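S.K.: Structure of the sequence below:
(one chain, ligands or ions: 1)
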Amino acid sequence: MNRIIHLKNRPEGTPQLDDFEFIEEEKPVAGDGEILLKSKFVSVDPYLRGRMRDQKSYVEPFRLNEPVESGIIAEIVESNNDNFKKGDFVNGMLQWKEFQTSTGKGLNKVDPEKASLSAYLGVLGLTGLTAYISLEHIGNLKNGETLLVSGASGAVGSTVGQIGKIKGCHVVGIAGTDEKLKLMKDTFGFDKGINYKTTDDMKKAIAEACPEGVDVYFDNVGGEILDAAMQNINENGRVINCGAISLYNKTEVPMGPRYEGIMVKKTVLMQGFLVRQHAKEFGPATKQLAEWLNEGKLTYEETIVEGFENIPQAFLDLFNGKNKGKMVVKI
Ligand code: NAP
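M.R.: So this is what the prediction gives:
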């Protein structure tokens, strides 16, 4: 039998386990020109929350009572397609199923000899690419500048901070536990960390950790942390709006302070970023990330949850900050 995870309800506020449903079906068989895939590593990502809403966005919403999908590394266990052979591993946007068939369209082969399979979902996958490409396009980091990043111990944030160090910046990370701050300093080489859960005055804490002000703020969380960062932004500062996880489960978006005045007076650039709009740059960007990994300039952390049945919980745990580095589920 084959296990599949459907979206059962559109979550109101924070998603719950019973918004998902486990279904069993006959294991599929590869047809003419098709391959049979066995899921090995499943990526859970904050943006999947947006796809659970019935709203028009840059990506189609999930349909109710149909499988959820995300980035998955799968092994080819049967092949009737000359482009793929049994035993190959592929990366692609696939459904939350233990086994599924595919024509191979949209799948990329990955080499387990060159990197661990799960790394193709993190530092060598969309999260690493998000960090690298957005910094290239919007961050424009210069030696000696101050880079502030939120969600700093997560998949995107930990890569952002390390690229900041490679570029010679003073790097300050914001995260939700002291253990994460230690990881940021000891493993990722950040200069300073701020625990936003134990800090009453984020504006003051950022000012203390960034004595020269903030030149680039990489925003993964939005909300009050963005507001505090804006109050420390320097002239010609750049703000990369990568994500706003603090707002993803809100049923009403709270109104924050207005910073139009700051943006005009300080000629700040604030720009949203979507990695999927930069597919043409994935090749060279992955090459650069892989080079830094091989040279030991870049490293990564993963939180690996075991078991197909734990995919929904792993997704929910992103919102509880249970992960350090990239959250993946090993099947
Ligand atoms: P991640 O940072 O590895 O995991 C999510 C982290 O967010 C949690 O570990 C948690 O850490 C933090 N968090 C959860 N709730 C929070 C809250 N209310 N306030 C502040 N922090 C909170 O996830 P990721 O995959 O790297 O994604 C990071 C951000 O980038 C997300 O906003 C995501 O949507 C965005 N993203 C955007 C693109 C794009 O193309 N624009 C691509 C990939 C990801 P703490 O313990 O620190 O709270």
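S.K.: And the average pLDDT for stretch 106-114 is what?
M.R.: The pLDDT scores in stretch 106-114 average 95.
S.K.: How far away from the center of its chain is it?
M.R.: 19 Å (C-alpha atoms, centre = their mean, to the nearest Å).
S.K.: CA-only coordinates of it, as CSV, when you get a sec.
M.R.: Presented in CSV, the C-alpha positions along stretch 106-114 are these (Å, rounded to 0.1, in the frame of the first residue of the first chain):
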residue,chain,number,x,y,z
GLY,A,106,10.5,19.3,-13.8
LEU,A,107,12.7,16.8,-12.0
ASN,A,108,16.5,17.3,-11.6
LYS,A,109,18.9,14.5,-10.9
VAL,A,110,21.0,14.9,-7.8
ASP,A,111,24.3,13.2,-7.0
PRO,A,112,24.6,11.7,-3.5
GLU,A,113,28.3,11.4,-4.0
LYS,A,114,28.7,15.2,-4.2
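S.K.: ok, which residues in the chain are in contact with the ligand?
M.R.: Residues of the chain lying close to the ligand (C-beta under 6 Å from any ligand atom) are 45-47, 126-127, 130, 151, 153-157, 175-177, 180, 220-221, 242-246, 273-275, 318-319, 321, 323, 327. For the C-beta atoms, the positions are set from N, CA and C on the backbone; glycine is no exception.
S.K.: Give me the buried subset of the residues you listed.
M.R.: With neighbours counted using 16 or more other C-beta atoms under 10 Å, the residues of the chain next to the ligand contain these buried positions: 45-47, 126-127, 130, 151, 153-157, 175-176, 180, 220-221, 242-246, 273, 275, 318, 321, 323, 327.
S.K.: Can you list the residue ranges for helices in the stretch 51-200 of the chain?
M.R.: Listed in chain order, the helices of the stretch 51-200 of the chain (DSSP state H, counting those that start in this stretch) span 126-134, 155-166, 178-186.
S.K.: Save the ones you listed as TSV, and put in mean pLDDT too.
M.R.: Below are the helices of the stretch 51-200 of the chain laid out as TSV (pLDDT from 0 to 100):
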stretch	mean pLDDT
helix 126-134	98
helix 155-166	98
helix 178-186	98
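S.K.: so can I have TSV of these showing distance to T299?
M.R.: Shown next, in TSV, are the helices of the stretch 51-200 of the chain (distance: least, C-beta to C-beta, whole Å):
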stretch	distance to T299
helix 126-134	12
helix 155-166	7
helix 178-186	11
